[in-house]
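>>> sequence and predicted model, in that order:
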Amino acid sequence: MKTATIIVDGNAYPCRSTLGAMLKYQQVTGRDVSEMDGSLTDLFVFLWCCVFTACRHDGIEFNLTLEQFGDSLTPDDLQNWATTIGNSSKEAKVVKKKQ
């Protein structure tokens, strides 16, 4: 399973694409991940779901709402994650610097 580390405002969070993340995406959007259209919004919501569920699974506190999470990321951060998660490497790191 590919794992990324997302750093938001100096805090590192695990990020994994799992069935739990897909279920969370459906709960949040009312749509299945297979219906994602590739928009930045869809990718962003799925990223949040991947972080939310990975933290829940690993017992890591993650209290950022979708909006708070979005306030700390840029479209470039999102694109970097999408590119990284598509890599064949088993472990990747995406860094978000606090500005």
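In hand now; what should we look at?

>>> list the contacts for the most centrally placed residue in the chain?
By CA atoms, centre = their mean, the chain has its centre lying nearest to residue 47, at 2.2 Å. Residue 47 makes contact with 6, 15, 73, 78, 81, according to CB atoms under 8 Å, 6 or more residues apart in numbering. C-beta coordinates here come from the backbone N, C-alpha and C atoms, glycine included.

>>> residue 13 pairs with what?
For residue 13, the beta-bridge partners under DSSP bridges are residue 6.

>>> check it and give its pLDDT.
You'll see residue 13 listed with a pLDDT of 95.

>>> what is the helix or strand hosting residue 77 packed up against?
Assigned by DSSP states H and E, residue 77 belongs to helix 75-85. Counting contacts by 3 or more CB pairs under 8 Å, 6 or more residues apart in numbering; DSSP states H and E, helix 75-85 packs against strand 3-8, helix 40-58, strand 91-94.

>>> what comes up buried for that helix?
Across helix 75-85, burial judged by 16 or more other CB atoms under 10 Å covers 77, 78, 80, 81, 82, 84, 85.

>>> one more: stretch 63-74?
Buried residues in stretch 63-74, counted by 16+ other CB under 10 Å: 64, 69, 70, 72, 73.

>>> return the member of those nearest to residue 22.
Distance ranking of the buried residues of stretch 63-74 against residue 22, using CB to CB, places residue 69 first at 17.8 Å.

>>> just to check, that closest one is in contact with residue 51?
Yes - in terms of CB atoms under 8 Å, residue 69 counts as a neighbour of residue 51; the distance is 7.3 Å.

>>> which residues does the nearest residue to residue 31 once chain neighbours are set aside contact?
Leaving aside its chain neighbours, residue 31 sits nearest to residue 25 (7.7 Å; criterion: CB to CB, 6 or more residues apart in numbering). By CB under 8 Å, 6+ apart, the residues touching residue 25 are 31, 32, 33, 45, 46, 49.
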